[in-house]
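1. Next comes the sequence, and after it the predicted model I'd like to discuss.
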Amino acid sequence: MEAELTPRNSAKPTPFRAQLVSFADGTKLNVNNQQKSDTLKSKLQEAKYAVAKVTTKKVVRQPAPPFITSTLQQEAWYKLRFSAEQTMMLAQQLYEGLPIGKEESVG
């Protein structure tokens, strides 16, 4: 379970996300039905919180590689149901440029 918490004692309180992993007595979080979930939610809304540990880590995200013809056609089919012919026609038009408003062609 996650919650967005705001510290009270800092000069510039910046909200942060906290994840509930276990309770203060060390028992692990185990929610496997709606009744337990509702009971836990009501208890958590009334509870006072203390942060036991803060973990920060850098996450490296790699951008997706540029499209090659086959993957462009596959994605166009999956997301837009465009045929290969439609996809390549649009790609060519974008490459050559399209007139936008009163300006010249923009590609």
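-> Alright, I've got the coordinates.
2. which one is Val21 nearest to, not counting chain neighbours?
-> Leu29 (6.4 Å; CB to CB, 6 or more residues apart in numbering). Backbone N, C-alpha and C define where each C-beta goes, glycine included.
3. and if you look at Ala91?
-> Spatially, and ignoring its direct neighbours in sequence, Ala91 is nearest to Leu72 (6.6 Å; CB to CB, 6+ apart).
4. now the helix or strand in which Asp38 is found, how far from the chain's geometric center?
-> For Asp38, the host element (DSSP states H and E) is helix 34-46. Computed by CA atoms, centre = their mean, to the nearest Å, the chain-centroid distance of helix 34-46 equals 26 Å.
5. Check stretch 65-75 too.
-> Distance, centroid of stretch 65-75 to centroid of chain: 23 Å (CA atoms, centre = their mean).
6. And for stretch 40-49?
-> 26 Å.
7. for the residue nearest in space to the middle of the chain, helix, strand, or coil?
-> Against the mean C-alpha coordinate of the chain, by CA atoms, centre = their mean, the closest residue is Arg61 at 12.6 Å. When classified by DSSP: H, G, I helix; E, B strand; the rest coil, Arg61 comes out as coil.
8. so who does Phe16 touch?
-> Taking CB atoms under 8 Å, 6 or more residues apart in numbering, we find Phe16 in contact with Glu4, Leu5, Thr6, Pro7.
9. does the second one have beta-bridge partners, and which?
-> Each beta-bridge partner of Leu5 is listed here: Phe16, as defined by DSSP bridges.
10. Return the distance of it relative to Trp77.
-> 44 Å (CB to CB, to the nearest Å).
11. Show me the helices in this structure, by range?
-> 34-46, 69-80, 84-96 (DSSP state H).
12. Many thanks, have a good one.
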